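Visitor: Give me a 3D structure for the following:
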Amino acid sequence: MMYRNRRLLAAVVATAALAAAPAAQAGDHFTKQPTATGSGGAAATVDALATKAAIDTLRRGGNAIDATVAAAGVLGVTEPFSSGIGGGGFMVIRTRSGKVTTIDGRETAPATMRPDTFITTSGTTTPAFDQVRWSGLSVGVPGTVATWDDALDRYGTMSLRKALRPGIHVARRGFAVDQTFFDQTDAAKAWFDDVPATAAIYLDPDGTPRDVGTTLRNPDMAKAYEYLAHHGADGFYHGAIARAMAQAAQHPPVAGADATHPWYPGLMTERDIARYDAIERKPTHVGYRGLDVWSMGPPSSGGSTVGEALNILEGYSPLAADRVQALHRFIEASRYAFADRNAYLADPAYFEVPLRGLLSDSFAAERRAKITDQAANAVVAPGDPYDNEGKSTTHLTVSDAKGNVVSYTFTIESTGGSGIVVPGWGFLLNNELTDFNYDSTTHPNRAEGGKRPRSSMAPTIITRDDKPFLAVGSPGGSMIITTVLQVLLERLDLGRTLPQAIAAPRVSQRNGPTSIAEPAFMETEAPALTARHGHAFGTPQTEIGAATGIEFLPGGRLLAAAEPVRRGGGSAAVVSDR
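Guide: Now for the predicted structure:
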């Protein structure tokens, strides 16, 4: 009771401070819109302030990599339940010279983690997800700051100090809470209320979310960004912030007896944090109908699974007789590609991922041969690629006038991550270690010390004749893969523009007996798929994914596109509308 009263007083003071300063605005000449066409560079994110940060950076002479980090820093403030420096992600970069590369900023497991850690801690062979998610045990070593630093150092023109300025500004000035932010907070409020550092930022004194329209400021996050601006990435992986992260993971800073949930202690130490490295990796690559598709390889399963499904679909020429048959083949290709993803994708440092086999045309032909005119409506077995060797997130897409393109997906995993804000520093820690097959001691994606859990992120860049053509990506957990794949299908095969492809109702098949679809898909597409091809559908999901993309048009013009409705609508902009 004394804790609640103290928190009430602190929250009243904080609320008064929130109201005292106006929120950061997108600017008099910047209007949030889902589509923009022009030249000189483009950006598309889920948030207007983040898109503005990217465009402002481009207009001041920064390149696409600089603009990506500037926008990502703002998203860490305005989209804290989906992204931020407490998490990790994957960046695909196409440089002005034509080189395509990727940076793996995936979180790593603490050195002392074992395959049975989640099982022995919970006392059950099938640990409940919420039990291990809302805990210090789910926290992996964050890779976002290392990703930003490496990207800027290798391919950018700005310092981390300069790139973080927009994020510092928004964290100090604040932003207006919208309905989407309110709803995300509301879904996690019971756990946020257990952690004083989290509740002080995101909840009102009565334990409810900040009201829509409230200005939410985060001075502790501004302090963290300023610390990084002064000390660089080393200031995140060593010293005060690293100590605070390790302490928060090992001893979740919950409200003692007032906490209403159990919070397992975690394993992450300062030594684990100090040993973190982002890794530059080769991208995955497949050809598709005369185009080159580049994406993220293991430990992400995004590039390989999208690539395998595209290889399966490319074998149909033409793709289909009509839209219904095309969607049928897309759903079934997703089913078989996911069967292989679930069996063979893991951290390549711990398991020999048969990537060449998974992306080979011969393996695609084997899998395509299993697709009939009727839906499988079952969990199908994985194939054998070895003889062919010959979860809440955000995405942003940025390009500049010189030909640099970035497709970047980063996350803290579930909405709100582990629920633990690092006291004094204002950012949420991830729950990324729940992306392991944490209830198995034998799966290739089992938990192990130092290992990176499998991901579904699929930031994608497509080139045509060695020139940029399209860049897309999406959040959405394992449905990222089917979201990106469907956007590509709609744009490349079914005659839709990029904005139409992003807006189209979605369906996701991840090797299950039923497919999951949005209500609009259930109304418009599902009846014919069921009648003609026997597809079964589960309970509709309100939203699947939240894509952004940029298309490179003739004459140097650009089309930037974001969601018109999902997640409250995204924000697309160009440097010049001419």
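Visitor: Go through the chain and flag its longest strand.
Guide: What stands out as the longest strand in the chain, according to DSSP state E, is strand 35-45.
Visitor: Can you tell me what sits against it?
Guide: In this structure, residues lying in contact with strand 35-45 by Cβ atoms under 8 Å, 6 or more residues apart in numbering are 51, 54-55, 58, 64, 67, 71, 75, 394-401, 499, 548-550, 553, 556-562, 564, 570-578. Just so you know, the C-beta spots here come from the backbone N, C-alpha and C atoms, and that holds for glycine as well.
Visitor: Mean confidence (pLDDT) on the helix or strand that that strand is followed by, please.
Guide: Going down the chain from strand 35-45, the next helix or strand is helix 48-59, by DSSP states H and E. The pLDDT scores in helix 48-59 average 98.
Visitor: who touches helix 48-59?
Guide: The contact list for helix 48-59, computed with Cβ under 8 Å, 6+ apart, reads 24, 26-27, 30, 32, 40-41, 43-45, 64, 66-68, 70-75, 78-79, 158, 163, 166-167, 170, 175, 396, 398, 400-401, 562, 571-575.
Visitor: Report the distance from it to the chain centre.
Guide: With Cα atoms, centre = their mean, to the nearest Å as the basis, helix 48-59 stands 19 Å off its chain's centre.
Visitor: Show me which residues of that helix are buried.
Guide: 48-58 (16 or more other Cβ atoms under 10 Å).
Visitor: same thing with stretch 125-144?
Guide: 127, 131-144.
Visitor: residues in contact with Gly239?
Guide: Neighbours of Gly239 in contact, by Cβ under 8 Å, 6+ apart: His231.
Visitor: ok, back up a step: so of the contacts of helix 48-59, which ones are in strands?
Guide: 40-41, 43-45, 175, 396, 398, 400, 562, 571-575.
Visitor: For the buried ones among these, write the corresponding ChimeraX selection.
Guide: Selection of buried members from the ones in strands among the contacts of helix 48-59 for ChimeraX, criterion 16+ other Cβ under 10 Å:
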select :40,41,43,44,45,175,396,398,400,562,571,572,573,574,575
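Visitor: just curious, which of the ones in strands among the contacts of helix 48-59 is nearest to Tyr202?
Guide: Nearest to Tyr202 among those: Phe175, at 12.8 Å, using Cβ to Cβ.
Visitor: I'd assumed Thr78 was in contact with the closest one.
Guide: Yes. Proximity of Phe175 to Thr78 meets the contact threshold set by Cβ atoms under 8 Å, at 5.0 Å.
Visitor: follow-up on the earlier one: distance to Gly383 for the buried residues of helix 48-59 - can I get that in TSV?
Guide: Shown next, in TSV, are the buried residues of helix 48-59 (distance: Cβ to Cβ, whole Å):
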residue	distance to Gly383
Ala48	44
Leu49	45
Ala50	40
Thr51	41
Lys52	46
Ala53	44
Ala54	41
Ile55	45
Asp56	48
Thr57	45
Leu58	44
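Visitor: Spatially central residue in the protein, please.
Guide: Central residue of the chain (Cα atoms, centre = their mean): Thr393, 3.3 Å from the mean position.
Visitor: hey, what's it bridged with?
Guide: Thr411 (DSSP bridges).
Visitor: could we number from 473 for the rest of this?
Guide: Got it, the first residue is 473 from now on, which makes the last one we talked about Thr865.
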